[in-house]
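K.L.:
Any chance you could fold what I've pasted below:
(one chain, ligands or ions: 1)
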Amino acid sequence: MISLRPASPEDYPEIRYILERAFDQRSEADLVEQLRAGGFDALELVAESGGCLAGHIFYSPLPIEAPSRTVRAAALAPLAVHPDFQRRGIGGALIHMSIPMLAHSGFEAIVVLGHPDYYTRFGFSPDAASSLRHPFPPGPHFMALELDPGVLENFPGQVRYPPPFGL
Ligand SMILES: CC(C)(COP(=O)(O)OP(=O)(O)OC[C@H]1O[C@@H](n2cnc3c(N)ncnc32)[C@H](O)[C@@H]1OP(=O)(O)O)[C@@H](O)C(=O)NCCC(=O)NCCS
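P.N.:
Below you'll find the predicted structure:
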């Protein structure tokens, strides 16, 4: 059985292991540790199966700044499921659980850079991010989900990733 819960410091070594296995490199695990160390952790959940961690999702605060106002958004990155546990709905369950938690914490939107075939299943869309200025090549991989409906509509905001992203 899979259960989802907030991550705690005792999970950090196992989270590093999952990230390194899922991405087959160390950079995402390094990024998460730098984000935590800098206080850029908005929400972090894990999926547990039989006493072992199977998945992890991390959000950092991402202000979206325009002259008129700053939208309080969160960046979803990274999301990882251990290869032995993929395609069982764990990644989706982590996303589903985190969305209302972020809304409850006052976040107005979520932004993600990822595969549109995957993230559009959860309500993310390139259209919702279309008025934003961001550091990535144009295309459908940069997506947003409004938690406050309409908050990104025609909003000419610049996304400000936390420094550990190196953007
Ligand atoms: C992406 C990832 C988190 C998905 O987790 P998961 O628990 O396996 O996903 P779910 O079970 O919720 O969903 C599985 C579905 O997503 C699809 N999917 C998984 N990764 C995908 C990708 N990168 N692009 C498009 N579709 C993808 C699968 O094909 C599957 O489709 P199906 O339902 O039609 O069979 C996981 O595969 C992973 O950790 N991958 C390596 C790290 C990574 O790429 N993370 C994303 C960074 S943005």
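K.L.:
which parts of this structure sit against the ligand?
P.N.:
Residues of the chain lying close to the ligand (Cβ under 6 Å from any ligand atom) are 22-23, 78-81, 86-92, 114-115, 117-118. In this view, the C-beta of every residue, glycine as well, is placed from N, C-alpha and C.
K.L.:
Put the buried members of the residues you listed into a ChimeraX selection.
P.N.:
Those of the residues of the chain next to the ligand that count as buried under 16 or more other Cβ atoms under 10 Å are selected in ChimeraX with:
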select :22,78,79,80,81,90,91,114
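K.L.:
In this structure, what residue comes closest to the ligand?
P.N.:
Residue of the chain nearest the ligand, by Cβ to the nearest ligand atom: residue 91 (2.5 Å).
K.L.:
That residue belongs to a helix?
P.N.:
Yes - counting by DSSP: H, G, I helix; E, B strand; the rest coil, one finds residue 91 located in a helix.
K.L.:
Report the beta-bridge partner residues of the residue nearest to residue 74 when sequence neighbours are not counted.
P.N.:
Spatial nearest neighbour of residue 74, excluding adjacent residues (Cβ to Cβ, 6 or more residues apart in numbering): residue 59 at 4.3 Å. On the basis of DSSP bridges, residue 59 takes part in beta bridges with residue 43, residue 76.
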